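sequence and computational prediction follow.
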Amino acid sequence: MPSKLAEDYRALVQTHIDTLSKKAAQQPVDYTLLNTSTPLDYAPLPGDMAANVQARLKTIDLTGAQ
């Protein structure tokens, strides 16, 4: 039973990812699927998205300093 649940869950997640990809492609937005095990600094991002993310990261204080 657990393997069937895992299989069903993976299928549902894949369907969700496919839907997001299709909907994003129909809109004027940047969308890319990322693997959360890779730090955002090293993620392969298309075109202008990489520059936008890097610019935004520079404005965020991740150290917790106030």
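Cool, the structure landed.

packing partners of the longest helix seen in the chain?
Counting by DSSP state H, the longest helix found in the chain is helix 2-25. Contact partners of helix 2-25 among helices and strands, from 3 or more Cβ pairs under 8 Å, 6 or more residues apart in numbering; DSSP states H and E: none. Quick note: C-beta positions are derived from backbone N, CA and C, even for glycine.

what residues sit buried inside that helix?
Judged by neighbour count (16 or more other Cβ atoms under 10 Å), helix 2-25 contains no buried residues.

off-centre distance for that helix?
Distance, stretch centre to chain centre, for helix 2-25: 14 Å (Cα atoms, centre = their mean, to the nearest Å).

what is the burial count for T32?
By other Cβ atoms under 10 Å, 14 other residues sit near T32.

pull out the buried positions in stretch 31-49.
L45.

average pLDDT across that stretch?
The average pLDDT within stretch 31-49 is 77.

neighbouring contacts of it?
17, 20-21, 24-25, 30, 53, 57 (Cβ atoms under 8 Å, 6 or more residues apart in numbering).

related to what we said a few turns ago, after the longest helix of the chain, next one along is what?
The first helix or strand that comes after helix 2-25 along the chain, using DSSP states H and E, is helix 47-58.

I'd like the distance between P39 and L20.
According to Cβ to Cβ, to the nearest Å, P39 stands 22 Å off from L20.

same check on V13?
Counting by Cβ to Cβ, the gap from V13 to L20 is 11 Å.

what pLDDT does the model give Q27?
pLDDT at Q27 comes out at 90.

brilliant, that's me finished.
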